[in-house]
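Colleague: coords please:
(chains A and B)
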Protein chains: 2
Amino acid sequence: MSFAFDSFLSEPARARSAQPFTGLPPYHFVGGNIDEPTVPADALAEAVARVIREEGHAMGKYGMDGGPQGYLPLREEICTILERRTGITVTRDEVLVTSGSLQAMDLVNKALLDAGDVVLLEDANYMGAIAKLRTLGVSPHPIALDGDGMRMDALEEALETLAREGRKPKFIYTIPTIQNPTGTIMPEARRREMLALARKYDVPIFEDDCYADLVFSGERPPAIHALDDEDRVIYCGTFSKTIAPALRMGYLVAPWPLMGHILPLKTDAGTAALGQMALAEYLPGHYEAHVATLLPVLQEKSDTLCAALDEHFGAAAQYDRPVGGIYLWVTLPDSVDTDRLFEVALEQGIEINPGSQWTVNSDQNRHRMRLCFGHPPLPVIRDGIAKLAEICHAEFGLPLRSGNIARG
Amino acid sequence: MSFAFDSFLSEPARARSAQPFTGLPPYHFVGGNIDEPTVPADALAEAVARVIREEGHAMGKYGMDGGPQGYLPLREEICTILERRTGITVTRDEVLVTSGSLQAMDLVNKALLDAGDVVLLEDANYMGAIAKLRTLGVSPHPIALDGDGMRMDALEEALETLAREGRKPKFIYTIPTIQNPTGTIMPEARRREMLALARKYDVPIFEDDCYADLVFSGERPPAIHALDDEDRVIYCGTFSKTIAPALRMGYLVAPWPLMGHILPLKTDAGTAALGQMALAEYLPGHYEAHVATLLPVLQEKSDTLCAALDEHFGAAAQYDRPVGGIYLWVTLPDSVDTDRLFEVALEQGIEINPGSQWTVNSDQNRHRMRLCFGHPPLPVIRDGIAKLAEICHAEFGLPLRSGNIARG
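Modeller: Sure thing, here's the model as predicted:
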């Protein structure tokens, strides 16, 4: 007899339940998983062994010698990387090492949001960001995007409308650099416009820069945080996309008056030491060169995905060629429902992200999908897209042509 | 001009703020920090380097090959250790690797508790457990203890009273093995009584076994979970006290129907890989021998603390000699207020845990304190207790004698 927990579950626990994990499907075009061969296993192994032999006894204390914000050498290295790559100048006291950027996001949400609050964010957005807000009882207020990211006219209109209603959003959440899922990069002028609007309407900005190191050209505008001289911008980043997601090593940058309120909300007694120590030892001599090796790998995967879409979907798949990152945002004809496509494709071992889950305005985006290309090897990308086109045709009669051949 | 976040903070964030970390005080008798020299740094370094070289590329996926519950070889090793040390027989599907047992506790609380709920727990208890419940708006309902842990007559009375009021506690939270802070071990017969009461009143049990591997004699009763044949018991454990707290490696054991509701609440996309891989590689050949080396170290620290208390506090400090763990629960004369003692001692570099924070019935325990002996070296324990006695005497006129000499 197994005890029935059902009547004991909390309200949030009743809302969802998971199935046992049975492995990834063979064609896995979702999630932030990365190209496995690029994980720098040997160099990480060497770095972590060296640093543990030298400093491992400090792990007898929860926060080692750095206290609750994380391992001091890693926090210092994060400051160095931020300054070099994003233009952000902060001290280690403004950096909190987190268990991935998701913990950073959870902490910012916990620190700033109560049920009933409003957050402004790009309409097409990271599914987790939208879901986390809704779980907290917060309204995600969508702002339209274009090829340069969040549109400032739409942002101003939303701020003005809310102001007239006497409501103030708790913050603007934005992914300005390789926006998720649209892949756009917001130009510097628009970043400055956003700061000016944030000042005019007196709201903070939460800048999520998790994919920013994966711009194929290696060139990116300064972070919004770097352009801010009022400590108005909270920032998060991660090593999940460049080193390895399973490390769970992200970071939050916040001015101390806010950081002091965030720390008591981090109830896990610190971020795991080995990952912190390994990165602190590995990054200084390796990070730039490592990222440089990733970019052509991802570019080739992106090109392969685009070629496969062109071949198998033809004009039925509209997209902007990625300039970085590991995902592609595809618009299919209106008659295709990607919620349904997701279901039938998954039955055949192909996983995609339906557009409804990656947008606040779900109903307007049921003909879109996100395809992640970081994890699958090139042949899997090619085969998977060919199969997806077949499945899509069987279900929706589209695309009409495959390669140069009309489908039956 | 620095942006003022104050009016943007959530209700929980407004409630507390932290100060910047400036290092541990010189005499640090608090917290779960452990004896630094015993951290097996070299063996861990070797283990982690080996496993990363062999399997590091799998870190390109968030959950490696094990999915969201954690690294498969570690989950299997946890099952092996549980069976050998606690009598618990479970499969790896019932094990979730967590970022320390605190995350396990947060997840159980999130899965089972809504504001307004009641949880039964030992009156003297882990400060974090009490604080976490209160933060959730849950009433911690204290149950009296004796030298064998939670008293079953008091538990039954509480269950009966609540039943008469039409209320059912969401669970019984208990630390049966080296209770925190009292250090007691609940005998097997009482564990069976608790299970019978839990069945009679139809409530789950949450067994926190975090210190259980530190019984000085090496002998302990079976876990309550091991005596349960109804899947009524949720269990958590950790490697923080035996390997190193900074690793942040704990685990939760729960039957699958509950586990399925817990997984969506773990919003950090997995527990950090390096610690999981390091432990999976290190534990099989080393854990038992390593724990055996810890016990005499902790026993000597415990003896040193007791001798120092006897010498400097004499009859003013009443306590039961620890049979394991890293803390001692001390009763001082009623006239001593340990909230005040905490403040004046901290000014002089000595940190203690005041009894009010380590009990639900705070007012009845202001003359008690918890002293942790795992972290400070032996001379620090001796000096610190001598100084604490001086401070206590200066503030409260007690203890009257130090060694065999009356104080002035």
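
Colleague: How about the residues of the stretch 151-300 of chain A by chain B?
Modeller: Residues of the stretch 151-300 of chain A lying close to chain B (C-beta under 8 Å from any C-beta of the partner chain) are A:170-171, A:204, A:229-232, A:240, A:244-249, A:255-265, A:267-275, A:278. For the C-beta atoms, the positions are set from N, CA and C on the backbone; glycine is no exception.

Colleague: out of those, which are inside helices?
Modeller: A:W256, A:P257, A:L258, A:M259, A:G260, A:H261, A:I262, A:A273, A:L274, A:G275, A:A278 (DSSP state H).

Colleague: Which of those sits closest to B:T161?
Modeller: Of all those, B:T161 sits closest to A:H261, with 38.5 Å by C-beta to C-beta.

Colleague: Tell me which helix or strand the residue nearest to the closest one when sequence neighbours are not counted sits in.
Modeller: Spatial nearest neighbour of A:H261, chain neighbours left out: B:A13 (4.3 Å); criterion: C-beta to C-beta, 6 or more residues apart in numbering or on different chains. In the assignment (DSSP states H and E), B:A13 maps to helix B:11-15.

Colleague: So which other helices or strands are in contact with that helix?
Modeller: helix A:100-112, helix A:256-262 (3 or more C-beta pairs under 8 Å, 6 or more residues apart in numbering or on different chains; DSSP states H and E).

Colleague: A:H312 contacts A:A386, doesn't it?
Modeller: Yes. Counting by C-beta atoms under 8 Å, A:A386 is a contact partner of A:H312 at 5.1 Å.

Colleague: Determine which stretch of the helices and strands packed on helix B:11-15 is the most buried.
Modeller: With neighbours taken as mean count of other C-beta atoms under 10 Å in any protein chain shown, these reach their highest mean count in helix A:100-112, at a mean of 25.

Colleague: hmm, it touching chain B?
Modeller: Yes. Against chain B, helix A:100-112 shows contacts by C-beta under 8 Å from any C-beta at A:G100, A:L102, A:Q103, A:D106, A:K110, A:A111, A:L112.

Colleague: Can you tell me the SS state at A:V344?
Modeller: helix (DSSP: H, G, I helix; E, B strand; the rest coil).

Colleague: And the helices in the stretch 1-150 of chain A?
Modeller: Assigned by DSSP state H, counting those that start in this stretch, the stretch 1-150 of chain A shows helices spanning A:11-15, A:41-55, A:72-86, A:100-112, A:127-135.

Colleague: would TSV of those with distance to B:V344 and mean pLDDT be doable?
Modeller: Output for the helices of the stretch 1-150 of chain A, formatted as TSV (distance: least, C-beta to C-beta, whole Å; pLDDT from 0 to 100):
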stretch	distance to B:V344	mean pLDDT
helix A:11-15	43	94
helix A:41-55	34	98
helix A:72-86	30	98
helix A:100-112	33	98
helix A:127-135	44	96
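
Colleague: so what's the closest residue to A:T177 other than its chain neighbours up against?
Modeller: Excluding the flanking residues, the one nearest A:T177 by C-beta to C-beta, 6+ apart is A:A212, at 3.9 Å. Contact partners of A:A212, counting by C-beta atoms under 8 Å, 6 or more residues apart in numbering or on different chains, are A:R85, A:T86, A:T177, A:I178, A:R220, A:A223, A:G237.

Colleague: Tell me the one among these nearest to B:T182.
Modeller: A:G237 (44.2 Å).

Colleague: Looking at strand pairing, list the partners for the closest one.
Modeller: On the basis of DSSP bridges, A:G237 is bridged to A:Y251.

Colleague: how many neighbours does it have?
Modeller: A:G237 is flanked by 30 other residues according to other C-beta atoms under 10 Å in any protein chain shown.

Colleague: Give me the pLDDT value at it.
Modeller: pLDDT for A:G237: 98.

Colleague: about what we covered before: okay, the ones in helices among the residues of the stretch 151-300 of chain A next to chain B in CSV with pLDDT next?
Modeller: Below are these laid out as CSV (pLDDT from 0 to 100):
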residue, pLDDT
A:W256, 94
A:P257, 92
A:L258, 97
A:M259, 97
A:G260, 97
A:H261, 97
A:I262, 98
A:A273, 98
A:L274, 98
A:G275, 98
A:A278, 98
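
Colleague: Poorly predicted segments of chain A, please.
Modeller: For chain A, the stretches with pLDDT under 70 are A:1, A:401-405, A:408.

Colleague: Spatially central residue in it, please.
Modeller: A:C210 (5.5 Å; C-alpha atoms, centre = their mean).

Colleague: Quick one: residues in contact with stretch A:327-339.
Modeller: A:124, A:180-183, A:302, A:305-306, A:309, A:313, A:316-320, A:322, A:352, A:354-356, A:358, A:366-374, A:392, A:396-398.

Colleague: Out of those, which sit inside helices?
Modeller: Per DSSP H, the contacts of stretch A:327-339 map to helices at A:S302, A:L305, A:C306, A:L309, A:F313, A:C392, A:F396.

Colleague: count of residues packed around the last one?
Modeller: Using other C-beta under 10 Å as the criterion, A:F396 is surrounded by 19 other residues.

Colleague: Leaving out sequence neighbours, find the closest residue to it.
Modeller: A:V336 is the one closest to A:F396 (C-beta to C-beta, 6+ apart), at 4.9 Å.

Colleague: What residues does the residue in the stretch 301-408 of chain A that chain B sits nearest to make contact with?
Modeller: Nearest residue of the stretch 301-408 of chain A to chain B: A:H375, at 6.8 Å (C-beta to the nearest C-beta). Shown in contact with A:H375 (C-beta under 8 Å, 6+ apart): A:H28, A:G31, A:N33, A:I34, A:D35, A:E36, A:I326, B:G60, B:K61.

Colleague: Among those residues, which one is most surrounded by other residues?
Modeller: For the contacts of A:H375, neighbours tallied by other C-beta under 10 Å; top is A:I34, 27 neighbours.

Colleague: so what's it up against?
Modeller: A:S240, A:K241, A:A244, A:P245, A:I326, A:G374, A:H375, B:G60.

Colleague: can you rerun that using 10 Å?
Modeller: Contacts of A:I34 were listed using C-beta atoms under 10 Å, 6 or more residues apart in numbering or on different chains, and they are A:214, A:240-246, A:294, A:297-298, A:326, A:372, A:374-375, B:59-62.

Colleague: right, and A:R75 touches A:M64 too?
Modeller: No. Using C-beta atoms under 10 Å, A:R75 makes no contact with A:M64, being 11.3 Å away.

Colleague: Which residues are in contact with each of the two?
Modeller: A:Q276.

Colleague: The residue nearest to A:E76 when sequence neighbours are not counted and B:L265: what is the separation?
Modeller: Closest residue to A:E76 apart from its sequence neighbours, by C-beta to C-beta, 6+ apart: A:R92 at 5.3 Å. According to C-beta to C-beta, to the nearest Å, A:R92 and B:L265 sit 31 Å apart.

Colleague: for A:H286, same thing?
Modeller: 36 Å.

Colleague: Likewise for A:T98?
Modeller: Applying C-beta to C-beta to A:T98 and B:L265 gives a distance of 17 Å.

Colleague: Neighbour count for the two, which is higher?
Modeller: Neighbour totals were compared for A:T98 and B:L265, and A:T98 leads with 27 against 19 (other C-beta under 10 Å).

Colleague: May I have the residues that are in contact with the more buried one?
Modeller: A:69-70, A:104-107, A:236-238, A:248-252, A:262, A:266, A:268, A:271, B:268.

Colleague: and if you look at A:C236?
Modeller: A:96, A:98, A:100-105, A:107-108, A:206-210, A:250-254.

Colleague: Same question for A:L227.
Modeller: A:G87, A:I88, A:E188, A:R191, A:R192, A:M194, A:L195, A:P221, A:V233.
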